[in-house]
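In: Sequence plus the predicted model coming up.
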Amino acid sequence: MKLPSRLRLIPLVFAPILLLAGCQTGTDRAGGNLLPAQAEAGTVWQGNHSSAAERAYVVARDGAEWTALWARVGEPAPTSLPGGRMAVAVFLGPRDTAGYGVSIDSVQQKGADLVVGYRETVPGPAQAVAQSRTSPYAIRLLPSAAGTPKFVRGK
């Protein structure tokens with residue numbers, strides 16, 4: 001049975017919309033809860049929407065610092081800071097469009113320093129991005145370590 005030409009156009013119109021919808025990444029909030037993903041070196045939380053009003057580098061080694069870190073996200077802490085653990089976080093601050101992101105790639109003890117390597121994602125000049133305000137962040141939960149934190153942006 002041959003379909004009328006206007007009905008044959010429906011898949012052509014809706015296919016790109018469905019493809020774009022399928023390419024969207026999950027939001028950083030699922031029903032108001034942040035769901036951590038397991039990473040090799042610890043638990044990681046990342047998202048595009050935080051309450052951070054400026055770029056910030058944060059280390060949480062106790063319950064009060066952990067609570068303050070999550071206040072920057074704009075959510076209550078998903079759990080109390082586990083014993084023997086600490087968290088490092090990078091907040092990029094407000095951005096005018098989507099397409100920005102941050103991830104914590106490495107944490108190494110180097111002498112008296114705790115070196116936190118992170119990577120920023122920046123949209124390219126020809127990249128189409130949503131015109132929505134974002135404030136990306138990344139948090140990594142790690143075994144406790146002494147040292148003065150030094151955050152180093154990777155390429």
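Out: Received the coordinates, thanks. Numbers count the residues shown, from 1 in each chain.
In: can you give me the strands for this protein?
Out: With DSSP state E applied, the chain shows strands at 37-39, 42-47, 56-60, 85-91, 101-110, 113-121, 137-143, 148-153, listed in chain order.
In: Out of these, flag the one nearest residue 76.
Out: Distances from residue 76 to each of the strands of the chain were compared by Cβ to Cβ, and the smallest falls on strand 42-47, at 12.7 Å. C-betas here are computed from N, CA, C, even on glycine.
In: May I have that closest one as PDB, with CA atoms only?
Out: What follows is strand 42-47, C-alpha atoms only, in PDB (Å, rounded to 0.1, in the frame of the first residue of the first chain):
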ATOM      1  CA  GLY A  42      36.100   7.100  43.900                       C
ATOM      2  CA  THR A  43      32.500   8.300  43.600                       C
ATOM      3  CA  VAL A  44      31.900  11.200  41.200                       C
ATOM      4  CA  TRP A  45      29.100  13.700  40.800                       C
ATOM      5  CA  GLN A  46      29.100  16.000  37.800                       C
ATOM      6  CA  GLY A  47      26.400  18.400  36.500                       C
END
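In: and it, what does it pack onto?
Out: Using 3 or more Cβ pairs under 8 Å, 6 or more residues apart in numbering; DSSP states H and E as the contact test, the elements touching strand 42-47 are strand 37-39, strand 101-110, strand 137-143.
In: and the strands of the chain, which one's lowest on average pLDDT?
Out: Within the strands of the chain, the least confident segment by mean pLDDT turns out to be strand 37-39, at a mean of 40.
In: Many thanks, have a good one.
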